[in-house]
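Engineer: Could you look at this predicted model? Sequence included:
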Amino acid sequence: MKMIPENIADQTLLLAIQNGEERALYTLYERYSDGLFGFIVCQMPSQQDAEDIWQETWLVAVRRISQFRGESCFFTWLCAIARHKVADYYRKHPHQSNETSLDKLGLAAEQIDRQPLPEEIVSHRQVQAQVLQSLYDLPENYRRALIARYAEENSVEEIASLFGKSYKATESLLSRARKAFLERFRGKKEV
């Protein structure tokens, strides 16, 4: 299977997928998988439900990829599919609350910089979108480390094992990741 450069445009990848190139689909999956999960997880009552919606979203996207017209970016299209799947979930489970919360991501601002935010700010969707975008803008190793620590609630030891690093190196990675996240998050708040 030939390698596809990371900087190749989504439209080029979509054309390659239509021509039967499996690697192009895998590249899109790698590019947007974490961001899509982040978009979904903050809207769901549990991580398991989020994983189910995430899988269903990818299945629909693969089946309907030829219907993508390029009127938005591919990630926006994926999120639209996910939004419909989330709405379907809450129609089937009306007893569940669909209030979104940064705490579901485990990356609430008060956990990261230890300065609590007023509840009305934390629950606001714009802040959630800023958190998700800030997380998605991070280098992959930072994003994976923060998700493993705060969303999946792994210990530093478990993350060290996952990353094949020492405890100290993992602590350092998490510290740099939190700092990078906060810089991006604060930058987005000022925009």
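Structural biologist: Yes, it's here.

Engineer: When you work out contacts or count neighbours from here on, use the C-alpha atoms and nothing else.
Structural biologist: OK.

Engineer: Just say helix, strand or coil for Ser72.
Structural biologist: coil (DSSP: H, G, I helix; E, B strand; the rest coil).

Engineer: Any idea how many residues pack against it?
Structural biologist: 9 (other Cα atoms under 10 Å).

Engineer: how near is the closest residue to Gln11 other than its chain neighbours to Thr12?
Structural biologist: Leaving out its chain neighbours, the residue that sits closest to Gln11 by Cα to Cα, 6 or more residues apart in numbering is Gly70, at 7.5 Å. Distance of Gly70 to Thr12, given as Cα to Cα, to the nearest Å: 11 Å.

Engineer: again with Cys79
Structural biologist: Using Cα to Cα, we find Cys79 at a distance of 20 Å from Thr12.

Engineer: higher neighbour count, the two?
Structural biologist: Cys79 (18 against 10).

Engineer: Assign that one to helix, strand or coil.
Structural biologist: helix.

Engineer: My guess is it contacts Leu36. True?
Structural biologist: Yes: between Cys79 and Leu36 there is a contact under Cα atoms under 8 Å: 6.6 Å.

Engineer: how many neighbours does the closest residue to Val41 other than its chain neighbours have?
Structural biologist: Distance criterion Cα to Cα, 6+ apart; nearest residue to Val41, sequence neighbours excluded, is Ala50 at 5.0 Å. Other residues lying near Ala50 total 21 when counted by other Cα under 10 Å.

Engineer: ok, Ala50 - contacts?
Structural biologist: 37, 40-41, 43-44 (Cα atoms under 8 Å, 6 or more residues apart in numbering).
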